[in-house]
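Student: sequence first, predicted model second:
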Amino acid sequence: MAREQYVTTTQGSSSPRPVPDYVYKIGIYGWRKRCLYLFVLLLIVILVVNFALTIWILRVMWFNAEGMGLLQVHSDGVKLEEGESEFLFPVYAQEIHSREDSSLVVHSSENVSLNARDEKGNVTGRTSVGPKEAQGHTQNMIINSHNDNMLFSADGGQNVIGPDKLRVTGPEGALFQHSVEVPLLKSELLKDLKLECPTRSVTMDAPKGVHLKALAGNIEAASNMDVILQSSSGLVRKPLYTS
């Protein structure tokens, strides 16, 4: 505690006049000082805890100069040397490649969706694979082989199958709701070829003729009504074969 005395003088009098003592406290005392020390101590504790948590997170997540754990960040992209990677939010990438000695596998508990967007952010193509079905939305779908030969193409107007042979392995064959155009229609070896329409009629048209040929058997045509063979510009003839 410091005591300071101030002396005042009046004009015309040389003797000083005593002034009452005033007490001034210099520094912080009492509860304010305790609160300040407690605040400083609490700040130091918080800094130490944050620093310890930072070190712990760095060690747990395997942060290093090249990336995070097995996930390495290079100038040409992100590379995962081994193990698995899990993404909780959407991932935007220009290209995704697997390692040379393994395949690329994508797992999801719900579905896997791939979206293609234009410059404005609108979705131009979408592929979704779910637990029950797979859906694709695009203007034109093209599937090519490893040597860039077109295998299948589909758009809003038609479907094109690239290989020379289309094989249907279903027990009930193929079901067509509209017309079908094929240059050649044949069955597998030792199996019959059947064209059937349960409720309507079966019609075969060709600008240069329709050829029906059985190499080792008969050709049968059965109908509930009439079997009509008609030629627009010629005769219906049975070729004669001589031995």
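Tutor: Cool, got the structure. Numbering: from 1, shown residues only.
Student: ok, and the closest non-adjacent residue to H137?
Tutor: In space, and not counting its chain neighbours, H137 is closest to R126: 4.5 Å by CB to CB, 6 or more residues apart in numbering. For glycine as for every other residue, the C-beta is placed from the backbone atoms N, C-alpha and C.
Student: tell me which element the one you found is part of?
Tutor: strand 123-129 (DSSP states H and E).
Student: quick one: contacts of that strand?
Tutor: 111-118, 134-139 (CB atoms under 8 Å, 6 or more residues apart in numbering).
Student: could you dump these to a markdown table with neighbour count and pLDDT?
Tutor: Shown next, in a markdown table, are these (neighbours: other CB atoms under 10 Å; pLDDT from 0 to 100):
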| residue | neighbour count | pLDDT |
| --- | --- | --- |
| N111 | 13 | 85 |
| V112 | 12 | 86 |
| S113 | 13 | 86 |
| L114 | 12 | 85 |
| N115 | 13 | 85 |
| A116 | 11 | 85 |
| R117 | 12 | 83 |
| D118 | 9 | 84 |
| A134 | 10 | 86 |
| Q135 | 11 | 86 |
| G136 | 12 | 84 |
| H137 | 12 | 84 |
| T138 | 13 | 83 |
| Q139 | 8 | 83 |
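Student: mark which of the residues you listed are part of strands, please.
Tutor: V112, S113, L114, N115, A116, R117, A134, Q135, G136, H137 (DSSP state E).
Student: nearest to V236, of these?
Tutor: The shortest gap between V236 and any of the ones in strands among the contacts of strand 123-129 belongs to G136, at 46.8 Å (CB to CB).
Student: one step back: neighbouring strands of the strand holding R126 in the sheet, and parallel or not?
Tutor: strand 112-117 (antiparallel), strand 134-137 (antiparallel) (DSSP bridges).
Student: need these in JSON lines with distance to I219, can you?
Tutor: As requested, these are exported to JSON lines (distance: least, CB to CB, whole Å):
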{"stretch": "strand 112-117", "distance to I219": "49"}
{"stretch": "strand 134-137", "distance to I219": "41"}
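Student: on that earlier part again, quick one: which of the ones in strands among the contacts of strand 123-129 is nearest L190?
Tutor: Distances from L190 to the ones in strands among the contacts of strand 123-129, taken by CB to CB, are shortest for A134, at 34.9 Å.
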